[in-house]
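Peer 1: any chance you can model this:
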Amino acid sequence: MEIKAHALALTLNKKEVEQSMNEETKSRLVPVTKWDEYHPWPSIGGIRHLIAHRKKKKCEHVFIKAGGRWLIVEDAFFNWAYSNKEA
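Peer 2: Predicted coordinates:
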């Protein structure tokens, strides 16, 4: 079995292997300004509120600032939202 897997990996070029690995492990980064194009909730204003209070809300890991733009780590956001449901 291991030999077959090794042989298969040799037949694929490096780019294809890296791409398939990235698709399985990579979360989408969504710019705050584009959030409503992907999801109806929360509003962009709600996202901005979370960014302003990210330490208090314990969601620092959900947002990344890159090149002056705030990006949302989509999977991390929904994991945080599900684990912080209010009753």
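Peer 1: ok, residue 50 - how many residues close by?
Peer 2: 21 (other Cβ atoms under 10 Å). (Glycine included, C-beta is placed from N, CA and C.)
Peer 1: distance of it relative to residue 43?
Peer 2: 11 Å (Cβ to Cβ, to the nearest Å).
Peer 1: likewise residue 69?
Peer 2: Residue 69 is 18 Å from residue 43, by Cβ to Cβ.
Peer 1: likewise for residue 80?
Peer 2: From residue 80 across to residue 43, the span is 17 Å (Cβ to Cβ).
Peer 1: for residue 67, same thing?
Peer 2: 24 Å.
Peer 1: and for residue 57?
Peer 2: For residue 57 relative to residue 43 (Cβ to Cβ), the value is 16 Å.
Peer 1: now do residue 33
Peer 2: 12 Å.
Peer 1: same question, residue 64
Peer 2: In terms of Cβ to Cβ, residue 64 sits 20 Å off from residue 43.
Peer 1: not counting its neighbours along the chain, what's nearest residue 43?
Peer 2: The spatially closest residue to residue 43, leaving aside those adjacent along the chain, is residue 36, at 7.0 Å (Cβ to Cβ, 6 or more residues apart in numbering).
Peer 1: over to residue 73?
Peer 2: Nearest non-adjacent residue to residue 73, counting by Cβ to Cβ, 6+ apart: residue 27, 5.3 Å away.
Peer 1: correct me, but that neighbour touches residue 75?
Peer 2: Yes: if you go by Cβ atoms under 8 Å, residue 27 and residue 75 touch, sitting 3.9 Å apart.
Peer 1: kindly state the beta-bridge partners for residue 31.
Peer 2: Following DSSP bridges, residue 31 is listed with bridge partners residue 71.
Peer 1: and for it, the neighbour number?
Peer 2: 13.
Peer 1: and the residue nearest to residue 43, helix, strand or coil?
Peer 2: When classified by DSSP: H, G, I helix; E, B strand; the rest coil, residue 36 comes out as helix.
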